[in-house]
Each structure stands twice: as C-alpha cells, then as structure tokens.
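*Asks:* need a structure here:
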Amino acid sequence: MSRFLTLLRALVVRDVTSRYRRSTLGMWWALLQPLILMLLFNMLRGFVNIPSDGVPYVLFSYAGLVPWTFFTNSVSACGPSITANAEVIKKIALPREVFPLAAVTATLFDFAISCVLLAGLMIWFKISVGWALLWLPVLIALLATISFAVGILIAGLGTFRKDFIFATPFLTQAWLFATPVIYPLSTVPENMRFVYMLNPMVGVVEGFRNVLLKASAPPMEALGLCAIVTALLIAVAWPIFRRLSGYFADVL
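*Replies:* Okay, the predicted model is just below:
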C-alpha cells in the first residue's frame, strides 16, 4: 500500500508540474476555462431568459462550472493516462488504476484554484455560509469518484480503441446540457425529474450550489440517487478496467 501511495504521489507531482511547463499564463489557465464559459453563459442569458433561483447569474453559473470543469478535465486526463505511461506499464508490474487515479488527483489542483475565484465572488456578492459547508467534503468525494469511474472506463476502452478518447469531448459536451449547470434543477418538469436525476452530476452540481450559495443541505433525493448511480458506475467500470488491464502490455 505504501508503494502504491508513493507512486501515486510521484505521478501527481509530475502531472501538476508538467501541466503548465512552458506556458506563459501558467496556472491562470485553471481559472480561464470556467471563467470564459461563465462569460459565454451570461451572454446567452441576454438572449434567453434563464432563471437562477434568486442568485446573481454570474455566481450561479460559476458555482456550477467549478465542479463541472473538474469532472470534464479529470475524464479527459484519464482517457490517455494508460497510453501516456506505456513504457512504465510494459516494464514494471503495478496496479494500472494508479494512472487514472493520479490524473483525477492532479486535477484537484486546478479545482482548488477555481475555488479561490468562487470564494472571491461569494465575498463580493456578500454570500454567507453556514453549517451546510460540512457537506462540501462529501460532495467533493462524490465528484472525484464519478470522475474516476467514468475516467477508468474511457482509459481502459481507449487503450484498445482511441475512438473512445477522441469521443470524450463530445460526450462531455452533451452531458453538460443534461446537467443543471446553465439552468437550475427547478426548471426540469416534475414528471421528468426522477429520470433526470439519474445523471449523478445533478446531485453534485445542485449540492454545491445549495451548500455554497444557499447555506442549505444538498437536495437529498438528488444526492441519494447520485450516490447509488456512482456506486453502480464503479461496480461496472472497475471490473471492466481490471479485465482489460491484463492485456495493456500486449497492445501498447
């Protein structure tokens, strides 16, 4: 276990330090991605009436984009994590899960930077927080687990067929519109809401907004479904990855 953690730490440090190497803006890129999307959504709101549950839309959209950006970046980083470490995998026997896990863990660095701007916006708009903030570690753990589950599935399949890696941006773009990032959950028709909440990112995004912007607990039905679907995702994705990982050295 200690060797696994040592390797994981080394991979995370490598990924974080190499990500912004030879980049003029450096870690500012971690802020730019959700910030630019927030500005685009606000421009869209000038043409379409999008409710924001009584919260300033700038804050509403950015609070949804912070967890969403972490999810998309983690999944995108997981996809090529096996092929990018082909030389190590072919030479050393080690748990293959460490590579997508390192990709998700390294993305937490960008997530933390994005949260700094979110905290600044909350101070600017005089948003107070309360006991509900204690839910934040639970939401982050769920977010990371969803990202890991989807990520290892794409990493495993993408090692054999790169089409899965190439299709990831299209998958996440479509997933964005099925998640209450641009709009609130309250706009989804009541008769469709249960099926809609089977998307595990619904419970996480709405949970973040409730905890940070409304000082209230996450919506329990959405959070409960999120936990169940996440557990099912792990139960399906991990065995598939483990089965495929036995052939990684042969195809790399």
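
*Asks:* In this structure, what residue spans correspond to helices?
*Replies:* Using DSSP state H, the helices of the chain run over 2-19, 29-45, 57-78, 86-91, 98-124, 136-160, 163-177, 193-196, 200-213, 220-245, 248-251.

*Asks:* what's the most buried one of those helices?
*Replies:* helix 200-213 (a mean of 25; mean count of other CB atoms under 10 Å). C-beta coordinates here come from the backbone N, C-alpha and C atoms, glycine included.

*Asks:* So which other helices or strands are in contact with that helix?
*Replies:* On a contact count with 3 or more CB pairs under 8 Å, 6 or more residues apart in numbering; DSSP states H and E, helix 200-213 meets helix 57-78, helix 98-124, helix 136-160, helix 220-245.

*Asks:* quick one: average pLDDT of that helix?
*Replies:* Mean pLDDT, helix 200-213: 95.

*Asks:* Next: stretch 180-189.
*Replies:* On average, stretch 180-189 scores 92.

*Asks:* Begin at 448 from now on, thanks
*Replies:* In the new numbering, first residue 448, that becomes stretch 627-636.

*Asks:* For the helices of the chain, could you give me CSV that also reports distance to Ser633?
*Replies:* Below are those laid out as CSV (distance: least, CB to CB, whole Å):
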stretch, distance to Ser633
helix 449-466, 37
helix 476-492, 16
helix 504-525, 12
helix 533-538, 47
helix 545-571, 21
helix 583-607, 19
helix 610-624, 17
helix 640-643, 9
helix 647-660, 9
helix 667-692, 12
helix 695-698, 45
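
*Asks:* Of all the ones you listed, which one is nearest Gly577?
*Replies:* With CB to CB as the measure, helix 647-660 is the member of these nearest Gly577 (9.1 Å).
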